[in-house]
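K.L.:
pasting the sequence and the predicted coordinates here, then a few questions.
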Amino acid sequence: QQQVKQSPQSLIVQKGGISIINCAYENTAFDYFPWYQQFPGKGPALLIAIRPDVSEKKEGRFTISFNKSAKQFSLHIMDSQPGDSATYFCAANSGYALNFGKGTSLLVTP
Amino acid sequence: SQTIHQWPATLVQPVGSPLSLECTVEGTSNPNLYWYRQAAGRGLQLLFYSVGIGQISSEVPQNLSASRPQDRQFILSSKKLLLSDSGFYLCAWTSGTGGDDGYTFGSGTRLTVV
């Protein structure tokens, strides 16, 4: 079964706007929550990651917000740019393997 | 620096034919290695992972198999491909310390079974 649920499936944002992608999980044993960015025809690349001992992590225009009690985490892309158009995956790790969400296709319009 | 190589980039194979996809990692030792399949709208599905030579864990029962003949080599195989095996296959590695750091993915193989 899907251990990490991601929404929305697709998202259209105007240039300069904020893109928000949400993920939820059930397994409290997960202890590492990365986000990946994938461009067409390429493998996913690690974008930013967080551990459950912090509630927020920011790297440039990308921020992860983490709510341990609600078992939810989200990716915020500030000042979204057309070059951010890609598919984004959230994931959660327990043990040796990552469990991925189904992905969000983001389109940033000029 | 560490690099991961995956080939071929694209492959068109007839139903019933065999398959061999190869992945190698350079610049590290004892990596954890993974095979994922990505189908449209279905995210990344873990197929196999390996924490050492000859050690393969299968996550999804199917007609695919994996082998790790060398520390930094991971091979995905099939004896007879099905139409449903079409997809984008990704190899990934992470350090062998429990998998709690980021994966590095290869560039993928687009497999079309016809």
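P.N.:
The structure has been received and is ready for your questions. Numbers count the residues shown, from 1 in each chain, chains lettered A, B, ... in the order given.

K.L.:
got a list of what residue A:43 touches?
P.N.:
Taking C-beta atoms under 8 Å, 6 or more residues apart in numbering or on different chains, we find residue A:43 in contact with B:6, B:90, B:92, B:105, B:106, B:107, B:108. Placement of C-beta: from N, CA and C, glycine included.

K.L.:
and the pLDDT for residue B:97?
P.N.:
Looking at residue B:97, its pLDDT is 57.

K.L.:
again but with residue B:41, I slipped
P.N.:
In this model, residue B:41 carries a pLDDT of 65.

K.L.:
please apply the same query to residue B:84.
P.N.:
91.

K.L.:
how about residue A:42, nearest residue that isn't a chain neighbour?
P.N.:
Excluding its sequence neighbours, the residue lying closest to residue A:42 (C-beta to C-beta, 6 or more residues apart in numbering or on different chains) is residue B:107, at 6.1 Å.

K.L.:
do you know how far the closest residue to chain A within chain B is from residue A:68?
P.N.:
Per C-beta to the nearest C-beta, residue B:105 is where chain B lies closest to chain A, at 3.3 Å. According to C-beta to C-beta, to the nearest Å, residue B:105 stands 27 Å off from residue A:68.

K.L.:
these two: which has the busier surroundings?
P.N.:
Neighbours per residue (other C-beta atoms under 10 Å in any protein chain shown) separate residue B:105 from residue A:68, with residue B:105 holding more: 22 against 12.

K.L.:
so who does that one touch?
P.N.:
Counted by C-beta under 8 Å, 6+ apart, residue B:105 has contacts A:36, A:43, A:44, A:45, B:4, B:36, B:90, B:91, B:92.

K.L.:
export the residues you listed to CSV and tack on distance to residue A:62?
P.N.:
Formatted as CSV, the contacts of residue B:105 follow (distance: C-beta to C-beta, whole Å):
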residue, distance to residue A:62
A:36, 12
A:43, 19
A:44, 15
A:45, 12
B:4, 23
B:36, 23
B:90, 22
B:91, 25
B:92, 21
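
K.L.:
which one of the residues you listed is nearest to residue B:28?
P.N.:
Checking those against residue B:28 by C-beta to C-beta gives residue B:4 as the nearest, at 9.5 Å.
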